[in-house]
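From the sequence below, what's the structure:
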Amino acid sequence: MQKLISYPISVIYYLCFGLTLVIFHPIQWVCFNVFGYQAHKKSVDYLNFFLVKCTNLLGTRYTFKNVESIPKNVPLIFVCNHQSMYDIIAMIWYLRRFHCKFVSKKELGSGIPSVSYNLRHGGSVLIDRKDPKQAIPVIKGLSEYIEKYKRSAVIFPEGTRSKTGVPKAFSQTGLKILCKNAPSAYVVPVSINNSWKIVKYGFFPVGLGNRLTFVIHKPLAVSEYNFADLMEQTETAVVQGIKI
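Model (predicted):
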């Protein structure tokens, strides 16, 4: 029944979602090219605010737990499980004070209004999953960026999203590069729940009435751990916070 009801609602939702992307594309361009980083960042914040509001049409609600535990004015590495693109929209808006930058696949860097522009110009990085060697200097550059400007990197160590909510095995490489080149950073494990349910039928129709929860776990200072222990504690925290 929910799937049947979702068809007309999904049409309205995607019209609103697509229109938001199209409207904010030139806004981003003007902000970036005329006013610089801070104006562009603000335009991206409000782009994602409106994208979040679009998902409210689906009955989607968001809860972020323990945000107050995140250290301020230090580089951050958010390490999260990955369930859908809605993970990213929510984090950009609700964690906007931390200037989230993402490690994304290169295919997203072109062809998508607003999204591709932000990935190319907003501080995020694009990697070629078929060429692991290319990813190393790119991620290294991101770690040096967050170290210099005290901003945050978001990495999904599963490599791709889980279609059922069940977490995949974590890859160590990306996080290891980030930690090595951002020694003053804090790793912040984040468990994401129920995002996959929005796309449980695929692209169309979309799932209705879901509450997405983002659980922030204890931040871990990179300088206080060897990498093996840091990786183990991070993965354990993320996985234990996932409710299937």
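
how about the helices in this protein?
2-30, 37-56, 86-94, 115-121, 132-149, 173-181, 227-240 (DSSP state H).

Make a markdown table from those helices and add distance to Pro71, mean pLDDT and mean neighbour count to it.
In short, each C-beta sits where N, CA and C put it, glycine included. Converted to a markdown table, these look like this (distance: least, C-beta to C-beta, whole Å; pLDDT from 0 to 100; neighbours: other C-beta atoms under 10 Å):
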| stretch | distance to Pro71 | mean pLDDT | mean neighbour count |
| --- | --- | --- | --- |
| helix 2-30 | 29 | 95 | 15 |
| helix 37-56 | 20 | 97 | 18 |
| helix 86-94 | 17 | 96 | 22 |
| helix 115-121 | 25 | 95 | 20 |
| helix 132-149 | 13 | 91 | 16 |
| helix 173-181 | 15 | 93 | 20 |
| helix 227-240 | 15 | 95 | 16 |
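
Contacts made by stretch 135-151 with the rest, please.
Stretch 135-151 is contacted from outside by 73-77, 98-101, 103, 123-129, 152-153, 173-174, 177-185, using C-beta atoms under 8 Å, 6 or more residues apart in numbering.

List buried residues within the residues you listed.
Buried members of the contacts of stretch 135-151, counted by 16 or more other C-beta atoms under 10 Å: 74-77, 98-101, 103, 123-127, 152-153, 174, 177-179, 181-182, 185.

OK, contacts around the spatially most central residue of the chain?
With distances taken as C-alpha atoms, centre = their mean, Ile88 lies nearest the centre of the chain, 3.2 Å away. Ile88 sits next to 102, 154 when contact means C-beta under 8 Å, 6+ apart.

how far away is it from Pro205?
21 Å (C-beta to C-beta, to the nearest Å).

Could you report the neighbour count for Asp131?
Other residues near Asp131 number 10, with proximity taken as other C-beta atoms under 10 Å.

For it, give me the pLDDT.
With respect to pLDDT, Asp131 scores 79.

quick one: contacts for it?
Contact partners of Asp131, counting by C-beta under 8 Å, 6+ apart, are absent.

now do Pro205
Taking C-beta under 8 Å, 6+ apart, we find Pro205 in contact with 3, 6-7, 9-10.

Can you name the two of these that sit furthest apart?
Lys3 and Ile9 (10.8 Å; C-beta to C-beta).

Grab the longest strand from the chain for me.
Once the chain is assigned using DSSP state E, the strand that runs over the most residues is strand 186-193.

For that one, which helices and strands make contact with it?
Strand 186-193 makes packing contacts with strand 76-80, strand 211-216, strand 220-221, helix 227-240 when contacts are defined by 3 or more C-beta pairs under 8 Å, 6 or more residues apart in numbering; DSSP states H and E.

Can you tell me which of the ones you listed is nearest to Glu107?
Comparing these under C-beta to C-beta, the one sitting nearest is strand 76-80, at 20.1 Å.

Quick one: mean pLDDT over the closest one.
If you average the pLDDT over strand 76-80, you get 97.

Run the chain-centre distance for it.
Distance of strand 76-80 from the chain centroid (C-alpha atoms, centre = their mean, to the nearest Å) equals 9 Å.

List the strands paired with it, with their directions.
Strand 76-80 pairs in its sheet with strand 152-155 (parallel), strand 186-193 (parallel), by DSSP bridges.

what does it contact?
Residues outside strand 76-80 that contact it (C-beta under 8 Å, 6+ apart) are 70, 87, 91, 95, 98, 100, 146, 151-157, 175, 178-179, 182, 185-192, 219, 222, 234, 238.

run the last query once more with 7 Å
70, 87, 98, 100, 152-157, 175, 178-179, 182, 185-190, 192, 234, 238 (C-beta atoms under 7 Å, 6 or more residues apart in numbering).
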